[in-house]
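K.L.:
no sequence on this one, just coordinates:
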């Protein structure tokens, strides 16, 4: 669709940026915090761990002041469950409450809307030792944790996200990492964990609506459009297979309280369908999310299964990986898209397609909670960082966002990854995403001074013009 006139970004559009607790905070065992499963993971050799990260825990006032200078309207960050309830259940840690209360108040002081992610891969390790998400007791523990958050912060936080990239945790758990000494669960176990997360999420959403009726809540999934490799009907079927299994099966449960019909047929056929206990179906119904948050980095191109082992052939990497599955789909290369240095597909137009599909299917406002490009940024002698590639990447995606709005998509905001440099889950501090440079190396912490990258000033102009500077 080529339009004669493009819509403008809404006046209340949430121009923001994102981080996660374990990747930015550091202070991994301070002030009563207990270890999470992320803290107990093995790290790739030669890369930084999360013990200090970007030291946001001690420097958040400085960092939020810089975000305000950049003009952010929103800051999406996650709360570490292990700071709030160190034992997973039971006693609440006053120091954790005070820390996040300070974060929220600092955001409010600058007119920045806090957007809180309740769970970003970091289950308390004590709960993992008791069975983790395989144990139904973790459902109750999550709801208890949610109630504590709503009680202490519900008066000052309008936007909540439940579980970050649940589909990635289930479909590609190795991309997130597994705790030391523990292997990756089998698929049957993973889909049972998924069911328990769905129940926890539904209960948490209903609880927020009761406790904080003025607030809004939604899921945050890694969602992407799928392309068939050719116009062969079999390729189109395979692309639809993977789109339903990877995306719609997770969102359908949240929005409509039921599993996607095709995806559930696949689960039953493979013996992977979760055990659904009495009352579960009722819990899943009526969660009533207020919006849908999506993390978007790339699209996927899919070919028909050949029915043999060659179907499994990894494309790209990290959370964006496609492995293929015999009899379901095979990953293919897309000659019409570029790639980052880390092999991720770069497809701004695919963001427009993804937004169209999500909004057309669910008719709920959409919030983009992650989008960005990682690179080994370099601090020059004059303390500048020339990351024009980041501005170009983001500008191309913002241009497609405006087209999606013109298409009729109700887009709430844009929170690229990331507000500030943080530890990449896989590449440590060698792979940077932020608008703000943190001067540290993998193991040499230096003074961890903050410096504004070129993209900082570029994004400030975008926000100040409400996107009008991008044509």
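P.N.:
Perfect, I can see it now. Treat the numbers as computed from the prediction; the structure is a model and nothing was measured.
K.L.:
ok, residue 216 - how many residues close by?
P.N.:
By the measure other C-beta atoms under 10 Å, the count of residues near residue 216 is 18. Where C-beta positions appear, they are placed from N, C-alpha and C, glycine not excepted.
K.L.:
ok, for it, nearest residue in space, not its chain neighbours?
P.N.:
residue 290 (3.8 Å; C-beta to C-beta, 6 or more residues apart in numbering).
K.L.:
give the contact list for the one you found.
P.N.:
216-218, 364-365 (C-beta atoms under 8 Å, 6 or more residues apart in numbering).
K.L.:
And the pLDDT for it?
P.N.:
Looking at residue 290, its pLDDT is 98.
K.L.:
ditto for residue 317
P.N.:
Note on residue 317: pLDDT of 56.
K.L.:
Double-check that residue 199 belongs to a helix.
P.N.:
Yes. Assignment of residue 199 by DSSP: H, G, I helix; E, B strand; the rest coil places it within a helix.
K.L.:
For burial, what's the neighbour tally of it?
P.N.:
Other residues within reach of residue 199, judged by other C-beta under 10 Å, total 24.
K.L.:
Quick check, it in contact with residue 284.
P.N.:
Yes. The pair residue 199 and residue 284 qualifies as a contact (C-beta atoms under 8 Å) at a distance of 6.8 Å.
K.L.:
Give the buried residues for stretch 304-312.
P.N.:
The neighbour-count check on stretch 304-312 (16 or more other C-beta atoms under 10 Å) flags 304-305, 311 as buried.
K.L.:
could the residues you listed go into CSV alongside distance to residue 209 and pLDDT?
P.N.:
Compiled in CSV, those are given as follows (distance: C-beta to C-beta, whole Å; pLDDT from 0 to 100):
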residue, distance to residue 209, pLDDT
304, 43, 95
305, 42, 92
311, 43, 79
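K.L.:
of the residues you listed, closest to residue 169?
P.N.:
The nearest member of the buried residues of stretch 304-312 to residue 169, counting by C-beta to C-beta, is residue 311 at 22.8 Å.
K.L.:
hang on, that closest one packs against residue 332?
P.N.:
No. Applying C-beta under 8 Å as the test, residue 311 and residue 332 come out as separate, 10.8 Å apart.
K.L.:
Go through the buried residues of stretch 304-312 and flag which are in strands.
P.N.:
Using DSSP state E, no member of the buried residues of stretch 304-312 sits in strands.
K.L.:
would you list those residues in CSV and tack on distance to residue 8?
P.N.:
Output for the buried residues of stretch 304-312, formatted as CSV (distance: C-beta to C-beta, whole Å):
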residue, distance to residue 8
304, 42
305, 44
311, 45
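K.L.:
so how far is the strand or helix carrying residue 301 off the chain centroid?
P.N.:
Taking DSSP states H and E as the criterion, residue 301 maps to strand 300-303. Here strand 300-303 is found 22 Å from its chain centre; the criterion is C-alpha atoms, centre = their mean, to the nearest Å.
K.L.:
quick one: contacts of the helix or strand following it?
P.N.:
The C-terminal neighbour of strand 300-303 among helices and strands, as given by DSSP H and E, is strand 330-332. Residues outside strand 330-332 that contact it (C-beta under 8 Å, 6+ apart) are 229, 238, 300-306, 310-315, 322-324.
K.L.:
mind running it again at 7 Å?
P.N.:
229, 300-303, 305-306, 311, 313, 315, 322, 324 (C-beta atoms under 7 Å, 6 or more residues apart in numbering).
K.L.:
Then stretch 372-380?
P.N.:
Against stretch 372-380 from outside (C-beta under 7 Å, 6+ apart): 340-342, 385, 387, 389-390, 393, 416-418, 424, 430-433, 437, 439, 451, 453.
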